[in-house]
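**Student:** this one's sequence-less:
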């Protein structure tokens, strides 16, 4: 799973000013790109002891600019101008910015702006509490939300940035590093200018002419080495898959807040996030890929944010597919949709702007990711990759929406792309597939015939859909794959085979976006979190410190989810039969009565331990989660943990939503086991013969194999 996608992602301009980029770039020629952009030559002095910044900005307006332009700047600054005339046109009231009109006699023109003042920490971002702007004795983080540079409407930017910082500090921005990091330069258009600084420890190496680097808040050569060892392979992978990496460097930067931000040519990761072992092969490639999608081709938000879904597909999904877990990853995406966005809680994909809760993640990341997988299935791997390359060439450093992306796929493939049709983008909901009929008969010529009827049973209109079907044979030879194509509510097929069909599976690899049948969804933490109501039952007789810890967990989940109710165990004469129920604590009065609900699927719970496949996890040493695996009943879960581990569980368990059996150890606590629970038999499967040959295997190789870049996951 990608930890960052689940909580803290930021796209290139999400917290920047609301700006419409009117870019008229000539694709493929960097000088033409630069000629359309405002150029900033910034001389900056940071005074972290007093939280003050001084700036001299020599601004070059291009020949395509008007002689009268507007820009915004933070209220704390009062700019002086040389080479033009400055008029304050919007005082801004209580807002953090003022707007100015700058008039010049002719363009191109060069204007000098100087200003100084404090950097205000007025607002903090939800989720992790990082201020919109930071300049203190521990470091600096400035972007457009800080208003620290003049931001011109409807113009991209190039820049040269010189920074004076305290002794022992390093600085960072996007683009090329010069003069030991005191000078940063970019000649490709940007829609923001980032300035980071602090007492970093820097580790770097060269890779095919690119600079790969890691900036840490304290010396940690081991962590830096683990990142440097894998960054190059992902730069190479996406250079082969799409186009050559568009920046001279990529840097991983440690942050004191638990962020997961992707900016042009670097990523800002929180200290705990950065040290999670799975980040190297989940969120790291995701952030590197954003240099093409989001930071290379910009998102036209009016046309829909396609960037997160495409990046999730070509990073998170691609990695899992290369590890042989593509079907499992897609099933988990469909589970998240069913848990958090189905039943009227979703919205049209084209309305997705950014992640702000589990439902928006399930749609903007998961649904979009599945549509790109369906597009690949329609076109084939080679045409799909050709479409990606063409999209980059046509729209790099320009805005694009879903329609532009669909148009490039259709242009390169020479056919319509039904998986990105307007019905998928403009309507909420998902198809629910019902296998109405599946039977086999001998044909008159001695062969075999399968008759099949599949229906979309959702309340809304049907979706355009191409559904894979695997047919297996009694002789054990390789299955054959066919497709059912919907042009209405039902799809019918009659297929003839020489060999005896033994089993039929509709979409066994979870390759189409659809609402899973309940029998296809195993018990999972996500199913608990996404229920209509989560009832948290606290142990009244637990020691005071432990009970306080459980109350803290309940309060944290109440802030995260809008479906939480909390009761003490002694307040309940019976448990509800139509709500998800969490039994919290080994001393919970209800646990002894319900241990039978947690038995089976290789596990057992008693008053002293959770046992999994014969291995015991005693209550004093481990934090455990057990679920009732029978999904025909209302969800039931148990969490047992030492008091000191509960605060960590409160924070971590929402990130284990795909799993049904996580176990932790220690105060942090650290995960030592995470397992899926099995799902029931799929209603989209029919055994046609006397013996069941079992589910079919994968029907295609990983997309990564197409570009010939070997991946290491050690």
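**Tutor:** Received it, and whenever you're ready, just let me know what you need. In this text the structure is predicted, and so the values were computed from the model without any measurement.
**Student:** all helices for the stretch 351-500 of the chain, in order.
**Tutor:** Per DSSP state H, counting those that start in this stretch, the stretch 351-500 of the chain carries helices over the ranges 358-361, 368-379, 381-395, 402-413, 422-426.
**Student:** Quick one: distance of the longest one to the chain centre.
**Tutor:** When distances are taken as C-alpha atoms, centre = their mean, to the nearest Å, helix 381-395 is centred 22 Å away from the chain's centroid.
**Student:** Which elements pack onto that helix?
**Tutor:** helix 368-379, helix 402-413 (3 or more C-beta pairs under 8 Å, 6 or more residues apart in numbering; DSSP states H and E). All C-beta spots, glycine's among them, are computed from the backbone N, C-alpha and C.
**Student:** gap between residue 608 and residue 541?
**Tutor:** Distance of residue 608 to residue 541, computed by C-beta to C-beta, to the nearest Å: 16 Å.
**Student:** my bad, should have said residue 682
**Tutor:** Using C-beta to C-beta, we find residue 682 at a distance of 43 Å from residue 541.
**Student:** can you check residue 84 too?
**Tutor:** From residue 84 to residue 541 the distance is 75 Å (C-beta to C-beta).
**Student:** Check residue 642 too.
**Tutor:** Relative to residue 541, and taking C-beta to C-beta, residue 642 is found at 16 Å.
**Student:** Who has more neighbours out of the two?
**Tutor:** Higher neighbour count among residue 642 and residue 541: residue 642, with 18 against 13, using other C-beta atoms under 10 Å.
**Student:** Give the full set of residues in contact with that one.
**Tutor:** Counting by C-beta atoms under 8 Å, 6 or more residues apart in numbering, residue 642 makes contact with 546, 619-620, 623, 667.
**Student:** ok, back up a step: out of the helices of the stretch 351-500 of the chain, deepest packed?
**Tutor:** With neighbours defined as mean count of other C-beta atoms under 10 Å, those peak in mean count at helix 368-379, which reaches a mean of 23.
**Student:** hmm, who's touching that one?
**Tutor:** By C-beta under 8 Å, 6+ apart, helix 368-379 touches 306, 308-310, 312-314, 316-317, 330, 333-334, 349, 352, 384, 387, 409, 413, 415, 417-420, 424, 466, 468, 511-513, 703.
**Student:** One more pass at 6 Å, please.
**Tutor:** 309-310, 312-313, 317, 349, 384, 413, 417, 419-420, 424, 511-513 (C-beta atoms under 6 Å, 6 or more residues apart in numbering).
**Student:** Excluding chain neighbours, what is closest to residue 64?
**Tutor:** The shortest distance from residue 64 to any non-neighbouring residue, by C-beta to C-beta, 6 or more residues apart in numbering, is to residue 36 (5.8 Å).
**Student:** Okay, that neighbour and residue 188: tell me how far apart.
**Tutor:** 11 Å.
**Student:** Check residue 649 too.
**Tutor:** According to C-beta to C-beta, residue 649 stands 45 Å off from residue 188.
**Student:** again with residue 501
**Tutor:** Remark: distance between residue 501 and residue 188 (C-beta to C-beta) = 56 Å.
**Student:** And residue 282, by the same measure?
**Tutor:** As for residue 282, its distance to residue 188 is 27 Å (criterion: C-beta to C-beta).
**Student:** longest helix in this structure, by residue count?
**Tutor:** In terms of residue count, the longest helix belonging to the chain (DSSP state H) is helix 221-241.
**Student:** So for the following helix or strand past that helix, mean pLDDT?
**Tutor:** Helices and strands here follow DSSP states H and E; after helix 221-241, the next one along the chain is strand 249-255. Mean per-residue pLDDT for strand 249-255: 97.
**Student:** One more: stretch 626-646?
**Tutor:** Mean per-residue pLDDT for stretch 626-646: 95.
**Student:** The stretch 501-650 of the chain: helices as residue ranges?
**Tutor:** Using DSSP H, counting those that start in this stretch, helices in the stretch 501-650 of the chain cover 525-529, 544-560, 591-594, 646-652.
**Student:** Contacts for the first one, please.
**Tutor:** Going back to what we said before, that points to helix 525-529. For helix 525-529, the surrounding residues in contact (C-beta under 6 Å, 6+ apart) are 336, 339, 580, 635, 637, 656-657.
**Student:** change it to 8 Å
**Tutor:** In contact with helix 525-529 (C-beta under 8 Å, 6+ apart) are residues 335-336, 339-340, 358, 521, 534, 561, 580, 582, 625, 627, 631, 635, 637, 653-654, 656-660, 662.
**Student:** Residue 636 against residue 628, yeah?
**Tutor:** Yes: here residue 636 reaches residue 628: they are 4.1 Å apart, a contact under C-beta atoms under 8 Å.
**Student:** Please identify the deepest-packed of the helices of the stretch 501-650 of the chain.
**Tutor:** Neighbour counts (mean count of other C-beta under 10 Å) averaged over each of the helices of the stretch 501-650 of the chain peak at helix 525-529, with a mean of 24.
**Student:** and the nearest residue to residue 360 once chain neighbours are set aside, how many neighbours does it have?
**Tutor:** Excluding the flanking residues, the one nearest residue 360 by C-beta to C-beta, 6+ apart is residue 352, at 6.6 Å. The local packing of residue 352 (other C-beta under 10 Å) involves 24 other residues.
**Student:** Kindly report the same for residue 415.
**Tutor:** 12.
**Student:** okay, the spatially closest residue to it that is not a sequence neighbour: pLDDT?
**Tutor:** Closest residue in space to residue 415, ignoring its immediate chain neighbours: residue 379 at 7.5 Å, by C-beta to C-beta, 6+ apart. As predicted, residue 379 sits at a pLDDT of 96.
**Student:** now residue 29
**Tutor:** Reading off the confidence values, residue 29 has pLDDT 34.
**Student:** cool, residue 705 as well?
**Tutor:** So residue 705 comes in at 89 (pLDDT).
**Student:** now swap in the one 3 residues further on and tell me
**Tutor:** On the pLDDT scale, residue 708 is placed at 85.
**Student:** give me the number of residues near it?
**Tutor:** Taking other C-beta under 10 Å as the criterion, the count of residues near residue 708 is 8.
**Student:** okay but it is in contact with residue 239, surely?
**Tutor:** No: under the criterion of C-beta under 8 Å, residue 708 makes no contact with residue 239, lying 11.8 Å away.
**Student:** For the residue nearest to residue 321 when sequence neighbours are not counted, which residues are in contact?
**Tutor:** In space, and not counting its chain neighbours, residue 321 is closest to residue 702: 4.4 Å by C-beta to C-beta, 6+ apart. By C-beta under 8 Å, 6+ apart, the contact set of residue 702 is 318, 321-322, 326.
**Student:** Can I get those residues in JSON lines including neighbour count and secondary structure?
**Tutor:** Below are the contacts of residue 702 laid out as JSON lines (neighbours: other C-beta atoms under 10 Å; DSSP: H, G, I helix; E, B strand; the rest coil):
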{"residue": "318", "neighbour count": "23", "secondary structure": "helix"}
{"residue": "321", "neighbour count": "23", "secondary structure": "helix"}
{"residue": "322", "neighbour count": "19", "secondary structure": "helix"}
{"residue": "326", "neighbour count": "22", "secondary structure": "helix"}
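**Student:** Return the member of the residues you listed nearest to residue 553.
**Tutor:** The closest of the contacts of residue 702 to residue 553 turns out to be residue 326 (C-beta to C-beta; 34.1 Å).
**Student:** Could you pull up the mean pLDDT of the helix or strand encompassing residue 327?
**Tutor:** Taking DSSP H and E as the criterion, residue 327 maps to helix 326-340. Regarding helix 326-340, the rounded mean pLDDT is 95.
**Student:** Contacts for it, please.
**Tutor:** With C-beta under 8 Å, 6+ apart as the test, helix 326-340 has contacts from 1, 316-317, 320-321, 346, 357-359, 361-363, 365-367, 369-370, 373, 430, 508-511, 513-516, 520-522, 524, 526-527, 529-530, 657-658, 676, 698, 702.
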